[in-house]
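**Q** Here is a sequence together with a model predicted from it:
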Amino acid sequence: MEILAMKKFLKMLIDKTNDFLNDKKTDPLLENSNRVQEMIDLALRKKSGIHVIFLDRSFTGDILKYDQDRQQLIVKNFRKSMSIIIRIADIKRISLVPNTIKRAQQTSVSLKDKSKNPPS
């Protein structure tokens, strides 16, 4: 796995060096959308939670659906109490959420529920 990551990194480094030497300009919007697309695909493959920064908001949760035709993500928070539709074009940053954080948020919800309803 690490060798594959190193190969990808070196290929990217060589491509960027060639672009610099040949005075080729890359479109930052296209580069950002490619990164967003790769991160969405990775999150779907790993079934991992994501943290998305878009417009003037942020949201953390699981991807329920990725609609490629409409270029939208449907994300539901870890507590399963709220969901949101995010347009891909509006995403500024996206990252995977570690499973430990996901579990911690889910258990904190169950602990709060137990404290509200003590056993009889």
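**A** Perfect, I can see it now.

**Q** what about Leu64, helix or strand, and which?
**A** Assigned by DSSP states H and E, Leu64 falls within strand 57-67.

**Q** whoops, I mixed them up, Ala104
**A** According to DSSP H and E, Ala104 maps onto helix 99-116.

**Q** pLDDT averaged over that helix - what is it?
**A** Mean pLDDT, helix 99-116: 70.

**Q** Tell me which helix or strand comes right after the strand holding Leu64.
**A** Following strand 57-67 in sequence, per DSSP H and E, is strand 72-76.

**Q** can you list contacts of the next helix or strand after that next one?
**A** Downstream of strand 72-76, the next assigned helix or strand under DSSP H and E is strand 83-87. Applying C-beta atoms under 8 Å, 6 or more residues apart in numbering, the external contacts of strand 83-87 come out as 52, 54, 59, 61, 64, 71-77. Where you see a C-beta, it was placed from the backbone N, CA and C, and this is true even at glycine.

**Q** Sheet partners, orientation included, of strand 83-87?
**A** strand 72-76 (antiparallel) (DSSP bridges).

**Q** Tell me the buried residues in the strand holding Leu64?
**A** 59-63, 66 (16 or more other C-beta atoms under 10 Å).

**Q** was I right about Ser95 contacting Ser58?
**A** No - proximity of Ser95 to Ser58 does not meet the contact threshold set by C-beta atoms under 8 Å, at 10.5 Å.

**Q** Next up, the contacts around Val36.
**A** 88, 91, 94.

**Q** Quick check: the first one vs Asn77, distance?
**A** Spelled out, it's Ile88. Ile88 sits 19 Å away from Asn77, going by C-beta to C-beta, to the nearest Å.

**Q** Please apply the same query to Ile50.
**A** According to C-beta to C-beta, Ile50 stands 11 Å off from Asn77.

**Q** ok so, going back, of the contacts of Val36, just say which sits nearest to Met39.
**A** Closest to Met39 out of the contacts of Val36 is Ile94 (4.7 Å), distances taken as C-beta to C-beta.

**Q** Confirm that closest one sits in a helix?
**A** No - assigned with DSSP: H, G, I helix; E, B strand; the rest coil, Ile94 falls outside any helix and is strand.
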